[in-house]
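**Student:** below: sequence and its predicted model.
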Amino acid sequence: MKVTTNVKGQIAASKTELRALELGYIPSKPIFDARYDLILDDSKGKLTKIQIKYGDGKMSNSQGAVMVKLGYEDRRKKLYTYQANEIDGLVVYLPKIDRLCYFPPEVFCGKVKIHVRYQKTRNNQSKGILYAEDYFW
């Protein structure tokens, strides 16, 4: 089977659904296109809208990190990013380490992309670094 972006997206969604079930959530999918991919029901009345991404974007100048694209342009070159009123959380599947990360809105809202580091930096930089281990889900 050819691994297309659709296949990658489905892998990330399946892993997210399984993890949600393991954590006691009831996952539901919208039946129409929406800005979110999954709704998590905590069975206490709280519903959380989740966007899911497959994190394998290559970084040209770094090892041990991936770039996750969040923004997109329409045909008129208008740039769209996720806003806090659209989704409540972002789940990124990192295939290099086979782990999921859950990011709250303050990490991704209004951003075109984020860089998630799954290995320590070689120069021990820590300021401004988004370490995957801080967001494992």
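**Tutor:** That came through, no problem.
**Student:** in the chain, where is pLDDT below threshold?
**Tutor:** Residue ranges of the chain with pLDDT under 70: 60.
**Student:** please enumerate the strands of it.
**Tutor:** Under the criterion DSSP state E, strands of the chain are mapped to 26-28, 38-41, 47-54, 65-69, 72-73, 79-80, 89-94, 99-103, 113-117.
**Student:** find the centremost residue of the chain, please.
**Tutor:** For the chain, the residue whose C-alpha lies nearest the mean C-alpha position (C-alpha atoms, centre = their mean) is Val92; its distance is 2.9 Å.
**Student:** what's the closest non-adjacent residue to that residue?
**Tutor:** Nearest non-adjacent residue to Val92, counting by C-beta to C-beta, 6 or more residues apart in numbering: Gly55, 4.4 Å away. Bear in mind the C-beta positions are built from the backbone N, C-alpha and C, glycine included.
**Student:** list the contacts of that neighbour.
**Tutor:** Val66, Val68, Val92, Tyr93, Leu94, Pro95, Cys101, Val116 (C-beta atoms under 8 Å, 6 or more residues apart in numbering).
**Student:** for the third one, list each beta-bridge partner.
**Tutor:** On DSSP bridges, the residues paired with Val92 through beta bridges are Lys53, Cys101.
**Student:** now do the first one
**Tutor:** Here Val66 sits in beta bridges with Val116, as judged by DSSP bridges.
**Student:** pull out the buried residues from stretch 7-23.
**Tutor:** Applying a neighbour-count criterion of 16 or more other C-beta atoms under 10 Å, the buried positions in stretch 7-23 are Lys8, Ala12, Ala13, Lys15, Thr16, Glu17, Arg19, Ala20.
**Student:** output that stretch as PDB - backbone C-alpha positions only.
**Tutor:** The C-alpha trace of stretch 7-23 is given here as PDB (Å, rounded to 0.1, in the frame of the first residue of the first chain):
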ATOM      1  CA  VAL A   7      -3.200   7.200   5.000                       C
ATOM      2  CA  LYS A   8      -1.000   9.100   7.400                       C
ATOM      3  CA  GLY A   9      -3.900  11.100   8.600                       C
ATOM      4  CA  GLN A  10      -5.900   8.000   9.200                       C
ATOM      5  CA  ILE A  11      -3.100   6.400  11.100                       C
ATOM      6  CA  ALA A  12      -2.900   9.500  13.400                       C
ATOM      7  CA  ALA A  13      -6.700   9.500  13.800                       C
ATOM      8  CA  SER A  14      -6.800   5.800  14.700                       C
ATOM      9  CA  LYS A  15      -4.000   6.100  17.200                       C
ATOM     10  CA  THR A  16      -5.700   9.100  18.800                       C
ATOM     11  CA  GLU A  17      -9.100   7.300  19.000                       C
ATOM     12  CA  LEU A  18      -7.400   4.300  20.700                       C
ATOM     13  CA  ARG A  19      -5.600   6.500  23.200                       C
ATOM     14  CA  ALA A  20      -8.800   8.400  23.900                       C
ATOM     15  CA  LEU A  21     -10.600   5.100  24.700                       C
ATOM     16  CA  GLU A  22      -7.700   4.000  26.900                       C
ATOM     17  CA  LEU A  23      -8.000   7.300  28.900                       C
END
